[in-house]
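# Sequence first, then the predicted structure:
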Amino acid sequence: MVLHNAAEAFADNWTYLKAELHWLDRLLMLTVARQRKEIKDLDRLAQSKADRVTSHWWKGVIALDTELHDEIRKPSRASQGSHQQQIDARTSASLQQGVALGLPLLRDRLKLSLFEKNLILLAIAPEINRRYARLYRFLQDEIASDLPTVDLALRLLCRTDQDWRDARSRLGQSLLRQYGLLRLLPADSETLLAQTVQLDRALIDYVLADQPSIDKLESLVQPRATKLNFRVCASKWDQLVLPPTLLRSLKQIVHQQQTRSQLEDWGVSAAHPAVLLTGAAGTGKTRAAEAIAHALLVPLTSVDLAIVEPEADLPLIERILSAAPVVLLITEAQLWFGRSARLSSTVLTQLLRQRQQAITLLETRSTQPIRPAWQQQFQVLHFPLPSPPDRQRLWRQAFPAEVAIDRHLPWAQLAKWPLTGGQIGAIAAAAMVEWVRSGEARLGLHHIDRARQRLG
């Protein structure tokens, strides 16, 4: 009690966040220094590619009789405890004086563990400063994401094997996930450790607010029902920049749907229960689904499994069957049809059987995570990265006719940049913002360059 009385209250929510981020800075700098030393040692000792691949073994980082944690995950118990005591003391003093602190209020409302509270801090840091995203990318090696992975969170925030096991177990049952405040986004790898941690936009706004309100907090902690998204699509076939063979396959899906009843009268059934659309983000999978729906004059119904908690899977299937959409797009489909699927094959087979009269499109980045048994049943269409001629067409298509483009804009130079259609669209939109702000008569290459640099 004496400690609380003597502690200085935080002036406001931002002052509190800066204190928490100061601790995170120290933890990250320590971890970066250790990882740089490890890389330096590896570069000095490795004699071949094989040495690099097996370095964790010959360096003794992994051994059969060692603990699960590694050297990176060992922040000083004294320093971390001292920090938490100081933060808790100042937080208590602040709340006693009526200073609203968003993250502590959320922690108390949901009875979050220290790991869960710090996980929010870790995930929100890139929203405050891009420097954190760059540090995460360095520490996560091959994972090119601004968001922290589960693996990085466990390494940074857990001191012992027991802490690690408790935190990993708690992730699956956390109220943050049940209320839709925190999501684990799937990666190409199917392991939990490779998934990235993403906070809900409403939670981010609340934690970063100047004056976090109790009303806003209560609105966050209400159970959320998973909804199907319905939208009328404007995408047409001539707007898709895809290889001719792929475009023909997509149009054939529409033709089969239009003649389905006649074919069934002849005793001919659909060859595939679903169509698997694979390809990197931004290669046109969603726009292709929109074009299919537009050609059939129906809305596109979609659901993103990345934001659906496992306990909501069965209710979601009931909604799909009840709505009976003509064209359904399921993104991150590996969560249902993958090698570590959340649903049984029996449930999914029943879903597809009841949708025989409709089109079911499954979207994923590659076929690798999908069970081979499902791959054999699905029609698989791969969306490749655009070629230079395709990229030039995408660039020209990205700017509306109303935008005054520099007559000497080097379209061929733009087409050399190895970008997807989604990336080209995002850069073009940002370039138009740059152009409007500049007040110049025409949009030029310098506007596009600035937009590209800003988007990274």
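Ah, there it is.
# what stretches of the stretch 151-300 of the chain score poorly on pLDDT?
Within the stretch 151-300 of the chain, the ranges that satisfy pLDDT under 70 run 187-190, 223-227, 263-265, 267-271.
# hey, where'd the helices end up in it?
Applying DSSP state H, counting those that start in this stretch to the stretch 151-300 of the chain gives helices spanning 161-173, 175-178, 201-207, 214-220, 244-258, 260-265, 285-295.
# What separation is there between V433 and N13?
30 Å (C-beta to C-beta, to the nearest Å). (Glycine included, C-beta is placed from N, CA and C.)
# Name the residue in the two with the higher neighbour count.
Neighbour tally, V433 and N13, criterion other C-beta atoms under 10 Å: the higher count belongs to N13, 23 against 13.
# could you point out the longest helix in the chain?
Counting residues, the longest helix found in the chain (DSSP state H) is helix 13-45.
# so what's the spatially most central residue of the chain up against?
The centre of the chain sits closest to L185, judged by C-alpha atoms, centre = their mean, with a distance of 4.5 Å. Applying C-beta atoms under 8 Å, 6 or more residues apart in numbering, we find L185 in contact with L147, Q195, T196, V197, Q198, A306.
# Got the domain ranges for this protein?
Here the domain parsing of the chain from automatic domain parsing is 2-220, 229-382, 388-455.
# mind checking how far T349 is from T367?
For T349, the distance to T367 - C-beta to C-beta - is 19 Å.
# whoops, I mixed them up, A167
On the measure of C-beta to C-beta, A167 and T367 end up 33 Å apart.
# How about R248?
From R248 to T367 the distance is 20 Å (C-beta to C-beta).
# so what secondary structure elements neighbour the longest helix of the chain?
helix 77-96, helix 102-110, helix 114-128, helix 130-139, helix 150-157 (3 or more C-beta pairs under 8 Å, 6 or more residues apart in numbering; DSSP states H and E).
# mind checking how far the closest residue to A7 other than its chain neighbours is from E8?
Leaving aside its chain neighbours, A7 sits nearest to A89 (3.7 Å; criterion: C-beta to C-beta, 6 or more residues apart in numbering). Relative to E8, A89 is positioned 9 Å away (C-beta to C-beta).
# Between those two, which has more neighbouring residues?
A count of neighbours by other C-beta under 10 Å puts A89 above the other of A89 and E8, at 18 against 11.
# Thought A19 was touching the more buried one, still the case?
No: A89 lies out of contact with A19 (C-beta atoms under 8 Å); the separation is 11.3 Å.
# What are the buried residues along whichever strand or helix holds L381?
Using DSSP states H and E, L381 maps to strand 379-382. By 16 or more other C-beta atoms under 10 Å, the buried positions in strand 379-382 come out as Q379, V380, L381.
# can you list those residues in JSON lines and add pLDDT and distance to L228?
Listed next are those as JSON lines, based on pLDDT from 0 to 100; distance: C-beta to C-beta, whole Å:
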{"residue": "Q379", "pLDDT": "95", "distance to L228": "23"}
{"residue": "V380", "pLDDT": "96", "distance to L228": "24"}
{"residue": "L381", "pLDDT": "97", "distance to L228": "23"}
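# returning to what we had before: CSV for the helices and strands packed on helix 13-45, including distance to L175?
Listed next are these as CSV, based on distance: least, C-beta to C-beta, whole Å:
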stretch, distance to L175
helix 77-96, 20
helix 102-110, 5
helix 114-128, 8
helix 130-139, 25
helix 150-157, 17
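# so which of these gets nearest G439?
helix 130-139 (27.1 Å; C-beta to C-beta).
# Quick one: work out the angle between the closest one and helix 13-45.
If you take axes from the mean of the first three to the mean of the last three C-alpha atoms, to 10 degrees, helix 130-139 sits at 30 degrees to helix 13-45.
# Can you dump the C-alpha atoms of helix 130-139 in CSV for me?
Written as CSV, here are the backbone C-alpha positions of helix 130-139 (Å, rounded to 0.1, in the frame of the first residue of the first chain):
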residue,chain,number,x,y,z
ARG,A,130,6.9,1.6,-37.8
ARG,A,131,10.2,0.9,-36.1
TYR,A,132,8.5,-2.0,-34.2
ALA,A,133,7.4,-3.6,-37.5
ARG,A,134,11.0,-3.5,-38.8
LEU,A,135,12.3,-5.0,-35.5
TYR,A,136,9.7,-7.8,-35.8
ARG,A,137,10.7,-8.5,-39.4
PHE,A,138,14.3,-8.9,-38.3
LEU,A,139,13.5,-11.1,-35.3
